[in-house]
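Student: output the structure for:
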Amino acid sequence: MSHATVFDVNQYFQKIYARPVILEAKQLSQVFKHGKSERTVLNNIDLKIHKREFICVIGPSGCGKSTFSRVVAGLDPYHSGEILVDGELITGPSPERGMVFQGYTLFPWKTVKENVMFGPLMKGASRMTAEAHAREWINIIGLEKYENQYPHQLSGGMKQRVAIARALVNEPKILLMDEPFGALDPHTRQRMQKHLMDLWHNIDITIIFVTHDMDEAILLADRIVALKANPGEIKEIIEVDLPRPRSLDLMSTPEFKRLRQHVDHLVHAQEDELDPALQDLPKIPRMTQVSSQK
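Tutor: Sure thing, here's the model as predicted:
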């Protein structure tokens with residue numbers, strides 16, 4: 001085996017940081033008002049994401065992970081600060097920021113092909129062009145046999161593949177994913193993680209991926225942005241120094257486990273303080289006589 005294939009982590013990150021910044025948050029804050037009270041959900045977030053990076057955002061419940069993805073998507077206005085894509089302020093949704101969120105947002109009355117054609121048609125493409133682009137992406141995600149099926153005829157993993165194709169057919173600069181595999185069974189989830197890594201490896205795209213799942217974040221990300229809650233602030237940004245391309249076998253390595261301990265500590269150090277439901281869990285008395293005979 002040649003030594004040229006050894007993964008040089010320093011060189012890998014130097015290359016990332018040499019690329020242009022595609023998304024920048026400057027002192028970004030989000031405040032929700034309920035009557036007279038207000039809650040700061042994101043507090044002075046400063047973050048630079050470089051072109052073609054794979055970023056995972058992780059943190060305890062209520063830390064503002066999904067709030068952040070909605071602001072980047074342009075779905076929600078924000079309270080103060082700035083958020084820029086390629087130096088331009090985000091003012092609303094745009095096809096250049098593709099979205100794949102957990103509740104499969106496919107049109108149930110449209111076939112797979114029609115779902116994927118929707119974006120190009122909205123952007124003014126002819127039916128022929130839209131269909132050609134849709135076909136190309138349906139082939140890439142491996143669903144050409146299903147292009148005339150409706151969403152209710154597909155499995156969860158297939159629906160998410162269609163949602164990814166529907167976002168990517170618009171050739172977005174950024175793909176935003178919020179818990180996209182959260183509703184899938186573990187086996188399908190692992191296959192989708194692998195599929196997503198392959199896609200990202202082969203197309204020119206930046207991915208911002210929100211998840212609660214630490215293993216998923218470590219497996220996928222170049223950098224993990226760990227948020228803390230109340231108010232949501234960046235606690236730490238972790239460079240994931242695992243070689244690429246990555247496979248699921250990595251999860252059993254000491255390097256992976258070391259990272260996992262670190263991330264676990266960051267995410268959960270606060271969770272126990274936060275959730276009053278976990279504070280005074282009673283000791284459950286034994287209700288029945290347990291037989292001593294095996």
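Student: can you map out the strands along the stretch 101-250 of the chain?
Tutor: 174-178, 206-210, 223-228, 233-239 (DSSP state E, counting those that start in this stretch).
Student: please name whichever of those strands is nearest to Leu266.
Tutor: Checking the strands of the stretch 101-250 of the chain against Leu266 by Cβ to Cβ gives strand 223-228 as the closest, at 4.5 Å. In this view, the C-beta of every residue, glycine as well, is placed from N, C-alpha and C.
Student: of the strands of the stretch 101-250 of the chain, which is nearest Asn139?
Tutor: strand 174-178 (18.5 Å).
Student: one step back: format the strands of the stretch 101-250 of the chain as TSV; extra columns: distance to Lys110.
Tutor: Shown next, in TSV, are these (distance: least, Cβ to Cβ, whole Å):
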stretch	distance to Lys110
strand 174-178	21
strand 206-210	25
strand 223-228	35
strand 233-239	39
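Student: now the ones you listed as CSV including mean pLDDT, mean neighbour count and distance to Leu266?
Tutor: Formatted as CSV, the strands of the stretch 101-250 of the chain follow (pLDDT from 0 to 100; neighbours: other Cβ atoms under 10 Å; distance: least, Cβ to Cβ, whole Å):
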stretch, mean pLDDT, mean neighbour count, distance to Leu266
strand 174-178, 94, 24, 20
strand 206-210, 96, 25, 16
strand 223-228, 94, 24, 5
strand 233-239, 94, 16, 6
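Student: can you give me the angle the longest helix along the chain makes with strand 223-228?
Tutor: In the chain, with assignment by DSSP state H, the single longest helix is helix 254-274. Calculated by axes from the mean of the first three to the mean of the last three Cα atoms, to 10 degrees, helix 254-274 forms an angle of 20 degrees with strand 223-228.
Student: and helix 254-274, how far out from the chain middle?
Tutor: Mean-position distance between helix 254-274 and its chain equals 19 Å (Cα atoms, centre = their mean, to the nearest Å).
Student: quick one, that helix and strand 233-239 angle?
Tutor: 170 degrees.
Student: would you mark the buried spots in stretch 52-70?
Tutor: 52-60, 62-70 (16 or more other Cβ atoms under 10 Å).
Student: got it, and stretch 72-79?
Tutor: 72-74, 78-79.
Student: next one: stretch 143-150
Tutor: Using 16+ other Cβ under 10 Å as the burial criterion, the residues of stretch 143-150 that qualify are 143, 146-147, 150.
Student: having no further points to raise, I will conclude here.
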